[in-house]
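[1] Sequence first, predicted model second:
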Amino acid sequence: MTSYFPEGDELQKFVKRRRQKGLIWRSLFLLATTLGVIVLMVLLVTIINDSMGYAAVAYKIAPDELVVGFYRGMMLDAPRTQTYADPDDLAGALAGNPNAVGLLDPAAFQAHADILRQVQVAGGDLSGVVVAVSKDNDWVQNVTILELTPLFTVAETWSDVRPGWPDAPVHRALPEAGSPALDAFVTQVYGDDPAEQPIEALLAMLAQHRSAGALRQFVAEKPLALRTQEEVLAILEEQVLEPTVVETWSLYESLFDRAAIKEAAAGMPDAHLEFRRWITWDFITSPQSSQPEYAGVRTAILGSLWVVFITLIFAVPVGIGAAIYLEEYGSGSWLDQLIETNINNLAGVPSIIYGMLGLAVFVRALGPLTSGAIFGVGDPTTSNGRTILSAGLTLGLLILPIIIINAREAIRAVPQAFREASLGLGATKWQTIWHHVLPNAIPGILTGSILAISRAFGETAPLIVVGASTAIFLDPSGPFSKFTTLPIQIYQWTARPQAAFQNLAAAAIIVLLALLLALNAFAIYLRNRYAVRY
Amino acid sequence: MNIQTTAATYAIETRNLNVYYGDFHAVKDVNLRIHKNKITALIGPSGCGKSTVLRCFNRMNDLIPSARIEGDVLFHGKNIYDPDVDPVQVRRRIGMVFQKPNPFPKSIYDNVAWGAKINGFKGDLDALVQESLERAALWNEVKDKLDASGYSLSGGQQQRLCIARALAVKPDIILMDEPTSALDPIASLRIEELMWELAQDVTIIVVTHNMQQAARVSDYTAFFTVTPDRTGYMEEFGETPQIFTTPASKITEDYITGRFG
């Protein structure tokens, strides 16, 4: 009998061809996956690229200038201090007074080494400057850096500096302001970074450069005496140093194109070149600001979290309940099919339409409820329906169809065998749903809800319509507060012309992605923990 | 005959039972009387309505939206399809074991205990679980692993677990829809032995494709077949020895001897 199937060699070739077809499809699918991964990588790289890099920062007063200038002033104003333009005069005056101490640059000291003695500085001599006393001074051999401070500023007598020393008054001989030796001394003894200064010094610097009137708002918020060093430093930066970012460069440019950056910075005389990571802890914890140097996303993060929370507690129970009703209690009648079709349609409606719906219904029509006026909460003059509650409910409506559709699929996937076995034992329909259908549908329901919540987290257009605030500095305190959200903040920043805002937007995107990741991870943990594990 | 006699001798009976799926007439004019504490087998070719009739006994056809019942199904003299009868109560008294073992995704203990719990059982649950598993001939195999998943058992053990589960709510009747068709011969035999033991205090109605099984196990046999337009009906009913040796109807004889079906 003739065989109708290929045999032998023909069979080999035929099977090979069939396999190859399969391989081609497999490669196409791999290609699709790779494409997706590449796109994600490009996104991440672009964001990270924008989120750090060199920045040209112009200061009104440079930080090191501030510190050095402050201490220099302190030294020059100290009691019994004399400045000398000519180092020889300085040396002569110093040699003649055993109670005097002075500063000379090393060359000048060498020239007068016969009449002066160098004071050793414990821990290592200072470079660029010599601390010298008269050869007639027989009690000072060495001195610590800590002792140098009062010695050149506030000490009245030598015994104030070190108890064993005599009670004689201290005389100081200093070179003129502007002398490199003096600056070298200040830099090495007192430091030049405001961040390392003690709070008393910072307060004094603040008082020196700003009048009491200008500081009034800070004092009103919290008395200066009660503030921490970081807080005073922040005030100092904002009020005295006044940094302004003039120009920024991306990470790629900062790593590979330094020459061009240095050239550009040279063209900006006031600017210091700093490597700036735009995403810092301050960025996350600071409120909104119109100045990019101080702007933070705290308000936006809290707003987002509040809104998503309201969305969650509204949409998830309602969605799951509707899905249970439609799947388990529905009869497949024309009404049920009509509902199903409509829900599917609603899932595809543009989100801005939901925004308009939210504006009309939640903000305007239900205004007294959503603004909290009904409950007596909220300031009657400024409160209106543009609150977190309205935003949450609007987004809840947006994701409701998605949750319903997904939950229905999950419920449908529970094997009918469980329902039959349960009912066969004399359980009611509700007992069957509660004990068998729902627990087995929860993993699928949770997955779909996670996706829906993630989408709600990133929605921008409907919330702009519903009334997110553009300038809000107070943290939201409850569902009746004004709000802004992370995506809206990002959108607003990208719309601004200054270069720094683009970097801030990139940093905010990183925060958004991190938050989403945390949310998703938590939800997956919940799903794994509570999924029926047999 | 009066209701009293019916209640005493017959566990359940149908009177002119007709079942429709939408417009399709699936089963017609079934008059079947099931004797108490006996095993009754429903046999016949595929598609003749045996499972449909079986599922009428515990109102499981209610789950199919297009199913429609005409006629009476009398349990303790009362038609279980009367509007004032609660199917939940019916199903507690008339339990079911399905063709493919379907334990719950729970532990063995919870599988057996769950039905009793939701039916408001107030006694010693541990004792009930043990008793049910013993009656289902499964206790010795699982007594050390009651917390293990129901799915960790073999197919035959899972089916016995389902029987134990059904027994835990103390039904009067157990309906078995081809209980061994998914099992190997050894497991099937064990289930058959089980049926004999259970029949002492429970009425058993079993649908089976396996004629030898019906001949081995049952006291009474009902033979179903189809009309040319695929409507099922009961061709013959009688004591098993009689049906299998001297059937009254030629169609029955043809089926038994393997000439069709």
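    Structure received. Numbering: from 1, shown residues only, chains lettered A, B, ... in the order given.

[2] Not counting residues beside it along the chain, what's closest to residue 98?
    Since no chain was named, I'll use chain A. Spatially, and ignoring its direct neighbours in sequence, A:Pro98 is nearest to A:Asp136 (4.0 Å; Cβ to Cβ, 6 or more residues apart in numbering or on different chains). The way it works is simple: take the backbone N, C-alpha and C, and place the C-beta from them, glycine included.

[3] my bad, the chain I had in mind was chain B
    In space, and not counting its chain neighbours, B:Phe98 is closest to B:Asp177: 5.6 Å by Cβ to Cβ, 6+ apart.

[4] Please list the residues of the stretch 301-450 of chain A that sit near chain B.
    A:331-332, A:415, A:417-428, A:431, A:435-436, A:440 (Cβ under 8 Å from any Cβ of the partner chain).

[5] switch to 6 Å and redo it
    Neighbours of chain B within the stretch 301-450 of chain A, by Cβ under 6 Å from any Cβ of the partner chain: A:Ala417, A:Ala421, A:Gly424, A:Leu425, A:Gly426, A:Ala427, A:Thr428, A:Gln431.

[6] Can you turn the buried part of those residues into a PyMOL selection?
    The PyMOL selection below is limited to those of those classed as buried (16 or more other Cβ atoms under 10 Å in any protein chain shown):
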select buried, chain A and resi 417+421+424+425+426+427+431
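
[7] Burial check on residue 122, number of neighbours?
    Using chain A. 12 (other Cβ atoms under 10 Å in any protein chain shown).

[8] not quite, I wanted chain B
    7.

[9] Distance-wise, check it relative to chain A.
    16 Å (Cβ to the nearest Cβ, to the nearest Å).

[10] returning to what we had before: in three-state terms, label the residue nearest to A:Pro98 for me.
    The three-state label given to A:Asp136 by DSSP: H, G, I helix; E, B strand; the rest coil is coil.

[11] Would you report the backbone torsion angles of B:Arg33?
    phi -120, psi 120 (degrees, to the nearest 10).

[12] how deep is it tucked in, by neighbour count?
    Going by other Cβ under 10 Å, the residues that sit close to B:Arg33 add up to 18.

[13] That one pairs with what?
    With DSSP bridges as the criterion, B:Arg33 is bridged to B:Glu13.

[14] That one against B:Thr14, yeah?
    No - using Cβ atoms under 6 Å, B:Arg33 makes no contact with B:Thr14, being 8.0 Å away.

[15] quick one: contacts for A:Leu326?
    A:Leu326 makes no contacts at all, as judged by Cβ atoms under 6 Å, 6 or more residues apart in numbering or on different chains.

[16] do the same with A:Leu241
    A:Tyr59, A:Ile61, A:Pro63.

[17] Sort out which of these are buried, if you could.
    Those of the contacts of A:Leu241 that meet the buried threshold are A:Tyr59, A:Pro63, by 16+ other Cβ under 10 Å.

[18] Closest one to chain B out of the contacts of A:Leu241, please.
    Set against chain B, the nearest of the contacts of A:Leu241 by Cβ to the nearest Cβ is A:Pro63 (65.5 Å).

[19] and the gap between the closest residue to chain A within the stretch 1-150 of chain B and B:Lys170?
    Nearest residue of the stretch 1-150 of chain B to chain A (Cβ to the nearest Cβ) works out as B:Arg92 at 3.0 Å. Using Cβ to Cβ, to the nearest Å, B:Arg92 is found at 8 Å from B:Lys170.

[20] Looking at those two, which one has more neighbours?
    Using other Cβ under 10 Å as the criterion, B:Arg92 and B:Lys170 rank with B:Arg92 on top: 23 against 18.

[21] how deep is the residue nearest to A:Pro98 tucked in, by neighbour count?
    A:Asp136: 13 surrounding residues under other Cβ under 10 Å.

[22] who's in contact with the closest residue to chain B within the stretch 401-534 of chain A?
    Using Cβ to the nearest Cβ, A:Gly426 is the residue of the stretch 401-534 of chain A that sits closest to chain B, at 3.0 Å. For A:Gly426, the contact set (Cβ under 6 Å, 6+ apart) comprises B:Val88, B:Arg91, B:Arg92, B:Asn119, B:Val169.

[23] you'd agree the second one is up against B:Asn58?
    Yes - using Cβ under 6 Å, B:Arg91 is in contact with B:Asn58, at 5.1 Å.

[24] what helix or strand is B:Val73 on?
    B:Val73 belongs to strand B:67-75 when assigned by DSSP states H and E.

[25] what packs against that strand?
    strand B:10-21 (3 or more Cβ pairs under 6 Å, 6 or more residues apart in numbering or on different chains; DSSP states H and E).

[26] again, only this time at 8 Å
    Contact here means 3 or more Cβ pairs under 8 Å, 6 or more residues apart in numbering or on different chains; DSSP states H and E; on that basis strand B:67-75 packs against strand B:10-21, helix B:50-57.

[27] does any part of the shortest one sit near chain A?
    No - counting by Cβ under 8 Å from any Cβ, chain A has no neighbours in helix B:50-57; the shortest distance is 9.5 Å.

[28] and that helix, average pLDDT?
    Average pLDDT, helix B:50-57: 94.

[29] List the contacts of it.
    B:12, B:14, B:17, B:19, B:26-27, B:30, B:32, B:42-44, B:61, B:69, B:73, B:75, B:94, B:173, B:175, B:177-178, B:205, B:207, B:224, B:232, B:234 (Cβ atoms under 8 Å, 6 or more residues apart in numbering or on different chains).

[30] ok, now the longest one?
    Defining contact as Cβ under 8 Å, 6+ apart, one finds that strand B:10-21 is touched by B:6, B:25-37, B:49, B:52-53, B:56-57, B:61, B:64, B:66-75, B:94, B:172-173, B:203, B:205.

[31] Apply the buried test to those residues and list what passes.
    Among the contacts of strand B:10-21, those classed as buried by 16+ other Cβ under 10 Å are B:6, B:25-28, B:30, B:32-35, B:49, B:52-53, B:56-57, B:61, B:67, B:69, B:71-75, B:94, B:172-173, B:203, B:205.
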